[in-house]
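J.: Predicted coordinates and the sequence they were generated for:
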Amino acid sequence: MVMRRKIAIVVIVMSIAVLAASIWPGASRSLSASASKGYIDVHTHLLGRGVPPSMRAGGGEVPQFADLFSYGPPRRGLPDGSFRKRPGGRSGASETRQGKTDYDGAAASLISRMDQYGVEKSIIMPPPMSPENRDSSLASELIRIAKKYPGRLYVGLGGSTLNSTIQEYKDKTVTDEVTAQFTAEANRLAGLGIKVFGEMTALHFSLGEGHPFEEVSPDHPLFLLLADIAARSNIPIDLHMTAIEADMPLPERLKQNRANPATIKENITAFERLLTHNRSAKIVWQHIGRGEPGVSGSVVDLLRRLLNTHSNLYMAIAIPEQKEGRPGHPARAVDEKGTIRPEWKKLLEEFPDRFMIGTDQFSAKSELQGQLKNDASASWNFLSQLPADLAQKISRDNAERVYFKEGKKISSNPTGRGQTGGA
């Protein structure tokens, strides 16, 4: 009888401990039960200042878009040569100390949503920044955040420095000095242990005030240089690029923003030159599945051709939230009901080792998260419609191989010449 009572007490104590852990998950940063699915999200962002107007679901005053994506010090200037001060006129670092930025809160929101969807790991990175909001200080901030969540958050960098340099030299001569500086910065980021160079862009439409239009040929000399560095360091490149098969007028829905030009240039030919430049460079084309306004024929046929031709090309799927009452975009991977289209399912089955999930999810502190209209649920629900073995590869295995395989150590030689890889 005494033994039974002891056993009962032990069971009760253990049950209380388990219940406490479920009620107060913040007491430990160990992987929650819901994240045990082991999903990997290869492309996410943190909003430390607030929610941009173009991403808002509604309600509340929000800062200007330009101030939200300038993560650190004040921008050097606007395209017309003028300067716009941040609220209070302080630098990003000062604002952080004053409590005006909250990347910690944004990261906590991201972890909560990761647990909700069963995501074990996420890679956080800056969006592709223009020369006007270049920020070399963001690296330390994102690395600090990732260290708070070991095994959960990892860092990608380059969008706030390398990308802005490429955009700055879109139509300028790339001198030896620029090449040396670019190489040194890429090597510095690689030495920080990043998982990806990103977010880079070859074509990025402006969706609001301060949200830049960026366009540069994918075979720009600095993109080719980055491909060589990425190959040596075994670090992939995340590329945001709307596909344009032939020169075309700007889509009607984008004409409301004057930052977007009247004509968009074809970019697939140059993209293929980037892919063939160094076959050891892994290029991950982001935001696949949303629909491509610049593809006149079948998007799936274009993707199939590129995947067949370029073994170093990978693709990250991002399924946007379907707005109620609106028809689904015919080029999206899913229809208006969220059902995967047959041609897309066939494509995934043909190339099971080349696709991953990159939700492009933006996270803000909890009191602002409700204002965001981007929802990652569609991307993760997408997996439930696939055979189990294929879903396992797309949700985890491919990302583990492409992003988390240990990279090579590279020389800090700023010229990039004569570098050798190591273990």
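T.: Done, it's in. Computed from a predicted structure; not experimentally measured. Residues are numbered from 1 along each chain as shown.

J.: So, low pLDDT: which residues of the stretch 101-250 of the chain?
T.: 209-210 (pLDDT under 70).

J.: Just the strands from it, written as ranges.
T.: Remark: strands assigned in the stretch 101-250 of the chain by DSSP state E, counting those that start in this stretch are 119-124, 153-158, 196-204, 214-215, 237-241, 248-249.

J.: Of all those, which one is nearest residue 277?
T.: strand 237-241 (11.5 Å; Cβ to Cβ). (Each C-beta comes from the backbone N, C-alpha and C, glycine too.)

J.: and that closest one, C-alpha only, in PDB?
T.: Written as PDB, here are the backbone C-alpha positions of strand 237-241 (Å, rounded to 0.1, in the frame of the first residue of the first chain):
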ATOM      1  CA  ILE A 237      22.400  32.600 -52.400                       C
ATOM      2  CA  ASP A 238      18.800  33.500 -51.800                       C
ATOM      3  CA  LEU A 239      17.500  35.400 -54.800                       C
ATOM      4  CA  HIS A 240      14.300  37.400 -55.100                       C
ATOM      5  CA  MET A 241      13.500  37.800 -58.800                       C
END
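
J.: Packing partners of that strand?
T.: Packing partners of strand 237-241 (3 or more Cβ pairs under 8 Å, 6 or more residues apart in numbering; DSSP states H and E): strand 196-204, helix 221-233, strand 283-288.

J.: Parallel or antiparallel, which strands does the first one pair with?
T.: As defined by DSSP bridges, the strand partners of strand 196-204 come to strand 153-158 (parallel), strand 214-215 (antiparallel), strand 237-241 (parallel).

J.: Among the helices and strands packed on strand 237-241, which comes closest to residue 380?
T.: Of the helices and strands packed on strand 237-241, nearest to residue 380 by Cβ to Cβ is strand 283-288, at 15.4 Å.

J.: Which neighbours in the sheet does that closest one have, and how are they oriented?
T.: Counting by DSSP bridges, strand 283-288 is paired with strand 237-241 (parallel), strand 313-317 (parallel).

J.: one step back: how about JSON lines for the strands paired with strand 196-204, with distance to residue 103 and mean neighbour count added?
T.: Converted to JSON lines, those look like this (distance: least, Cβ to Cβ, whole Å; neighbours: other Cβ atoms under 10 Å):
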{"stretch": "strand 153-158", "distance to residue 103": "11", "mean neighbour count": "26"}
{"stretch": "strand 214-215", "distance to residue 103": "24", "mean neighbour count": "22"}
{"stretch": "strand 237-241", "distance to residue 103": "20", "mean neighbour count": "25"}
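
J.: So which of those is nearest residue 252?
T.: strand 214-215 (18.5 Å).

J.: in stretch 224-232, what's buried?
T.: 225-232 (16 or more other Cβ atoms under 10 Å).

J.: and which of those residues is nearest residue 190?
T.: Closest to residue 190, out of all of the buried residues of stretch 224-232 and judged by Cβ to Cβ, is residue 229, at 7.1 Å.

J.: Excluding chain neighbours, give the residue nearest to that closest one in space.
T.: Closest residue to residue 229 apart from its sequence neighbours, by Cβ to Cβ, 6 or more residues apart in numbering: residue 186 at 4.6 Å.

J.: in terms of contact, does the one you found touch residue 226 like I think?
T.: Yes - checked against Cβ atoms under 8 Å, the pair residue 186 and residue 226 is within contact range at 6.1 Å.

J.: Pull up the overlap in contacts between the two.
T.: 158, 162, 197 (Cβ atoms under 8 Å, 6 or more residues apart in numbering).

J.: Show me what counts as buried in stretch 279-286.
T.: In stretch 279-286, counting by 16+ other Cβ under 10 Å, buried: 281-286.

J.: coming back round to it: reformat the strands paired with strand 283-288 as a markdown table; add distance to residue 214.
T.: Shown next, in a markdown table, are the strands paired with strand 283-288 (distance: least, Cβ to Cβ, whole Å):
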| stretch | distance to residue 214 |
| --- | --- |
| strand 237-241 | 9 |
| strand 313-317 | 19 |
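
J.: Quick one: closest of those to residue 144.
T.: Per Cβ to Cβ, nearest to residue 144 of the strands paired with strand 283-288: strand 237-241, 21.1 Å.

J.: out of the strands paired with strand 196-204, nearest to residue 142?
T.: strand 153-158 (4.9 Å).

J.: mind listing the helices for the stretch 201-350 of the chain?
T.: 221-233, 268-277, 299-309, 342-350 (DSSP state H, counting those that start in this stretch).

J.: Check the gap between residue 141 and residue 258 for me.
T.: 32 Å (Cβ to Cβ, to the nearest Å).

J.: and of the strands paired with strand 283-288, who's closest to residue 275?
T.: It's strand 313-317; of the strands paired with strand 283-288, that one is closest to residue 275 (Cβ to Cβ) at 5.7 Å.

J.: What lies in contact with that closest one?
T.: Against strand 313-317 from outside (Cβ under 8 Å, 6+ apart): 42-43, 236, 238, 275, 282-289, 303, 306-307, 333, 354-358, 379, 382, 394, 398, 402.

J.: Kindly supply the PyMOL command isolating those of those that are buried.
T.: In PyMOL, this line selects whichever of the contacts of strand 313-317 come out buried by 16+ other Cβ under 10 Å:
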select buried, resi 42+43+236+238+275+282+283+284+285+286+287+288+289+303+306+307+333+354+355+356+357+358+379+382+394+398+402
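
J.: The shared contacts of residue 186 and residue 226 into JSON lines, with extra columns for distance to residue 206?
T.: Below are the shared contacts of residue 186 and residue 226 laid out as JSON lines (distance: Cβ to Cβ, whole Å):
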{"residue": "158", "distance to residue 206": "21"}
{"residue": "162", "distance to residue 206": "20"}
{"residue": "197", "distance to residue 206": "23"}
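
J.: Among those residues, find me the one that's closest to residue 299.
T.: Ranked by distance to residue 299 (Cβ to Cβ), the shared contacts of residue 186 and residue 226 are led by residue 197 at 25.4 Å.

J.: Skipping adjacent residues, who's closest to that closest one in space?
T.: Using Cβ to Cβ, 6+ apart, the closest residue to residue 197 is residue 158 (4.1 Å).

J.: Quickly list what that neighbour is bridged to.
T.: Beta-bridge partners of residue 158, as defined by DSSP bridges: residue 198.
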